[in-house]
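S.K.: Need coordinates for the below:
(one chain, ligands or ions: 1)
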Amino acid sequence: TYIRKKGKIAGPSFKMWPIIGPFLESMDPKFEEYKAKWDSGKLSCVSVFHKFVVIASDRDLARKILSAPRYVKPCVVDVAIKILRPTNWVFLDGKAHVDYRRGLNGLFTRKALVKYLPEQEKIYNEYFKMFLELSENEAVPFMHTFREFMCAISLRTFCGEYITKDQIKLISDNYFRITEALELVNFPIILPFTKPWYGRKIADMTMDIFANCAALSRKEMVSGKPPTCTLDFWILGMLHSQGKISDEQFQAIDGVSNVTIREFTNKEISETLFTFLFASQDATSSATTWLFQILADRPDVFAKIREEQIAVRDGDLNKPLTIEMVDSMKYTHMAVKECLRYRPPVIMVPYVAKQDFPITDDYTVPKGSMIIPSTYPALHDPEVYDNPDEYIPERWVDGSKASLNTKNWLVFGTGPHVCIGQNYVMINLVGMIGKAVLEMDWEHTVTDKSEDVRVFATIFPDDDCILKFRPSKLVSSA
Ligand code: HEM
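M.R.: Residues are numbered from 1 along each chain as shown. Below you'll find the model as predicted:
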């Protein structure tokens with residue numbers, strides 16, 4: 001069966017380990033192995049257990065897959081249905097998916113994102129203080145702290161003040177168990193004390209907390225409190241579409257968008273917020289870890305960001321972040337964008353073929369196969385990005401080859417499932433790293449693993465990013 005499905009595309013000519021295939025390799029995926037696969041051909045394949053997997057490395061083929069909802073849908077690992085619950089919107093396909101997603105757009109408009117900034121800035125302040133304390137005496141690995149940091153930002157953005165500090169701590173301390181449970185290759189049955197078992201426990205606990213926050217938000221929104229978090233905007237949209245808030249009252253609320261949303265239960269809302277956390281957590285943690293590492297290694301870029309950060313604050317270094325300030329951080333924006341290109345958090349997006357998919361003139365992906373468009377090769381394409389393996393923020397100046405070639409920008413995917421959080425990501429990362437550069441200096445302890453890429457859902461430096469922070473003289477003296 002394997003040889004028939006493989007046809008002419010690149011891949012092992014037979015299964016070295018009959019039935020299971022390279023299962024053990026998939027348990028501990030190596031970045032270099034993925035690279036070798038991409039280099040082996042525009043389309044290549046591998047077979048693990050009963051799953052036939054086709055990998056697309058070419059930009060146009062990747063785009064074709066991501067924009068072909070007739071043939072493909074996102075592939076979720078078997079255990080995801082148990083962890084995210086079968087009623088979750090992420091399992092919707094076609095029109096049902098498009099309609100549901102339309103109802104969520106109002107949560108990520110610019111008007112709404114503006115309202116999330118103050119809560120996010122409080123978390124930046126809290127965690128920057130922690131970075132200084134943690135590394136006061138010596139440089140320490142920061143990857144796990146960055147994961148907690150990003151988790152705390154997401155939770156405050158989604159749940160505002162309804163979620164307590166203890167709940168944030170509980171979820172951020174344990175979130176990695178969910179990532180582990182949802183690794184591409186994991187045991188499909190939930191047996192006690194296995195990774196999926198722990199993952200489900202933490203997911204259930206998190207969704208219960210979200211449902212409780214939704215109940216609190218309902219009370220506050222009915223009583224007329226201004227919205228500050230994703231939940232508030234969602235509840236207000238519902239109250240409006242149910243006629244419980246008049247058009248006039250609704251239009252007068254700062255930040256809301258006119259989208260008609262049906263009634264959602266607290267349980268449904270909790271499941272959707274959980275998908276936001278799930279989609280955000282690993283990717284933003286990866287981006288943050290690389291950003292801090294790269295900026296320590298590149299004092300030239302660090303200095304330019306700092307100069308810009310001072311300039312946008314008009315002499316008041318303690319000025320609270322506003323969206324206008326973030327908009328004017330042009331160089332910081334280029335530095336973040338380049339980090340996302342150079343070390344794209346999501347290197348591949350697994351899909352599944354719903355029917356035979358004639359992807360090229362001479363190859364049809366068989367129905368039921370996993371089909372994985374890769375983002376990394378397009379983002380390291382030397383025709384679009386000169387010296388693609390170098391970190392060069394200046395390549396993103398307006399009108400440059402990189403900025404005009406938008407087809408290669410696959411960091412957030414494309415097509416009907418393109419990342420719903422991408423504007424939020426940019427505002428959060430630009431605002432956060434700009435403030436960090438203004439308020440702190442940090443040094444990176446370079447090891448021989450610092451540039452090795454470890455794949456843990458997304459990608460991280462293999463030595464967990466060893467840093468030492470100290471307050472910047474600038475702000476302490478300001
Ligand atoms: C650096 C950070 C992030 C990166 C690199 C990233 C990347 C991606 C990618 C590649 C996809 C798949 C797109 C496709 O299939 O074409 C995706 C989907 C998605 N992302 Fe993000 N993402 C990030 C952060 C976030 C955040 C912060 C949120 C939530 C607020 C979010 C919410 C989602 C959702 C809900 C989907 C699925 C959309 C759908 O199926 O319709 N992501 N993201």
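S.K.: near the ligand, which residues of the stretch 351-478 of the chain?
M.R.: 411-415, 417-421, 424-425 (C-beta under 6 Å from any ligand atom). Every residue, glycine included, has its C-beta placed from N, CA and C.
S.K.: In a helix, Phe460, correct?
M.R.: No: assignment of Phe460 by DSSP: H, G, I helix; E, B strand; the rest coil gives strand, placing it outside any helix.
S.K.: residues in contact with it?
M.R.: Phe460 makes contact with 143, 285-286, 289-290, 453-454 under the criterion C-beta atoms under 8 Å, 6 or more residues apart in numbering.
S.K.: Then Pro350?
M.R.: When the contact criterion is C-beta under 8 Å, 6+ apart, the partners of Pro350 are 74-75, 184, 370-372.
S.K.: Look at it and report its pLDDT.
M.R.: As predicted, Pro350 sits at a pLDDT of 90.
S.K.: Identify the residue nearest it in space, chain neighbours excluded?
M.R.: Excluding the flanking residues, the one nearest Pro350 by C-beta to C-beta, 6 or more residues apart in numbering is Cys75, at 4.2 Å.
S.K.: now swap in Asp39 and tell me
M.R.: Ser57 (7.7 Å).
S.K.: same check, this time on Cys213
M.R.: Once chain neighbours are set aside, the closest to Cys213 by C-beta to C-beta, 6+ apart is Tyr162, at 3.8 Å.
S.K.: quick revisit: need the pLDDT of the residue nearest to Pro350.
M.R.: pLDDT recorded at Cys75 is 86.
S.K.: try Phe23
M.R.: pLDDT for Phe23: 48.
S.K.: Phe264 now?
M.R.: Predicted confidence (pLDDT) at Phe264: the value is 90.
S.K.: any idea how far it lies from the ligand?
M.R.: Taking C-beta to the nearest ligand atom, to the nearest Å as the measure, Phe264 and the ligand are separated by 15 Å.
S.K.: now swap in Val140 and tell me
M.R.: In this structure, Val140 lies at 24 Å from the ligand, with C-beta to the nearest ligand atom as the measure.
S.K.: Can you name the element that comes right after the lowest-mean-pLDDT helix or strand in the chain?
M.R.: Comparing helices and strands within the chain by mean pLDDT, DSSP states H and E singles out helix 23-27 as the least confident, with a mean of 52. Scanning forward in sequence from helix 23-27, with DSSP states H and E defining helices and strands, the next element found is helix 31-40.
S.K.: Only alpha carbons, please: show that next one as PDB.
M.R.: As requested, the backbone C-alpha atoms of helix 31-40 are provided in PDB (Å, rounded to 0.1, in the frame of the first residue of the first chain):
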ATOM      1  CA  PHE A  31      14.700  19.800  12.900                       C
ATOM      2  CA  GLU A  32      17.500  18.600  10.700                       C
ATOM      3  CA  GLU A  33      15.400  15.600   9.700                       C
ATOM      4  CA  TYR A  34      12.600  17.900   8.600                       C
ATOM      5  CA  LYS A  35      15.100  20.000   6.600                       C
ATOM      6  CA  ALA A  36      16.400  16.900   4.900                       C
ATOM      7  CA  LYS A  37      12.800  16.000   4.000                       C
ATOM      8  CA  TRP A  38      12.100  19.500   2.500                       C
ATOM      9  CA  ASP A  39      15.400  19.300   0.600                       C
ATOM     10  CA  SER A  40      14.500  15.800  -0.800                       C
END
